[in-house]
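Undergrad: Coordinates for the following, if possible.
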Amino acid sequence: MDPECKKYADIKPWSAFPVTIAAATGIRYLHLFKIIVMALPQPRQAHSRYTALVAAVLCCALSSCKHNSRIYKSNCDAGVSFKQVSFHQLMDSLANFDQQYVEVSGKYQEDKELSALFGDGTSADSDGLWVNFSQDCPLYLSGTHQGLFEYNDGQFTQLNNRSITIRGRIDLRNKGSHSKCKAAIDRVSLVKL
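TA: Below is the predicted model of the structure:
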């Protein structure tokens, strides 16, 4: 910026004063226009401010999603390795997984005489995996002494109709209440909500 323009750079563009000064000192209107334009917020600056604001909001939102996941664990079968298997793969070849320790995900449903895990889009009892929670394997929220089935913050942990990941041992002989399911998962040692 040339020295003559510098002394007028801090003039507010909304006042009529710069026009008077410009006429009195002989500064051409082009220089005055440059001063006024430089005093206004530039589109790139505004864009970068909004971009930074949007990025900050997205980071906060995404990082808060990570904290919504809760993991309840038990010390049962602590030294056992669990085979990760999809729900459909497990149900299609149950005989191969009898008495095996697995980790499987699905939609948990509970009702009167129902505690079962289902795959996406299935809800018929015969297509489910009976979930046999046991007092022998108490499940606690990681890092706390808060149990999965304990009353906390004015309510019980809501499991019904939620997608969960669960670890346990498959038992083909146990088919749940009234033999509604194909098999059961016993010795549940992890529930991830």
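
Undergrad: Next, count neighbours for the closest residue to Asp127 other than its chain neighbours.
TA: Among residues not flanking Asp127 along the chain, Phe118 sits closest, at 6.5 Å (CB to CB, 6 or more residues apart in numbering). Every C-beta, even on glycine, is put in place using the N, C-alpha and C of the backbone. Phe118 has 20 neighbours, counted by other CB atoms under 10 Å.

Undergrad: Ile71 too?
TA: Using other CB under 10 Å, Ile71 is surrounded by 14 other residues.

Undergrad: contacting residues around it?
TA: By CB atoms under 8 Å, 6 or more residues apart in numbering, the contact list for Ile71 reads Leu141, Ser142, Leu190, Val191, Lys192, Leu193.

Undergrad: Give me the distance between the last one and Arg162.
TA: To tie it back to what came earlier, the one meant is Leu193. Here the criterion is CB to CB, to the nearest Å. By it, Leu193 lies 6 Å from Arg162.

Undergrad: The two: which is more packed in?
TA: Using other CB under 10 Å, the more surrounded residue of Leu193 and Arg162 is Leu193, with 17 against 13.

Undergrad: coming back round to it: flag the least confident of the contacts of Ile71.
TA: pLDDT across the contacts of Ile71 is at its lowest for Ser142, which sits at 87.

Undergrad: I'd say that residue and Lys73 touch.
TA: Yes - using CB atoms under 8 Å, Ser142 makes contact with Lys73 at a distance of 5.8 Å.

Undergrad: Show me the strands in this structure, by range?
TA: For the chain, the strands defined by DSSP state E occupy 71-73, 83-84, 101-111, 114-118, 129-131, 140-141, 162-171, 183-192.

Undergrad: From Ala184, how far out is the closest residue to Ser177 other than its chain neighbours?
TA: In space, and not counting its chain neighbours, Ser177 is closest to Glu113: 4.1 Å by CB to CB, 6+ apart. Distance check for Glu113 against Ala184: by CB to CB, it reads 14 Å.

Undergrad: more crowded one of these two?
TA: Ala184 (23 against 10).

Undergrad: before we move on, the earlier item: just list the residues touching the residue nearest to Ser177, thanks.
TA: Ser177, His178, Lys180.

Undergrad: Next, count neighbours for the last one.
TA: The local packing of Lys180 (other CB under 10 Å) involves 15 other residues.

Undergrad: Can you list phi and psi of it for me?
TA: Main-chain torsions, Lys180, degrees, to the nearest 10: phi -80, psi -30.

Undergrad: Tell me if I'm right that it and Gly128 touch.
TA: Yes - applying CB under 8 Å, one finds Lys180 in contact with Gly128, separated by 7.1 Å.
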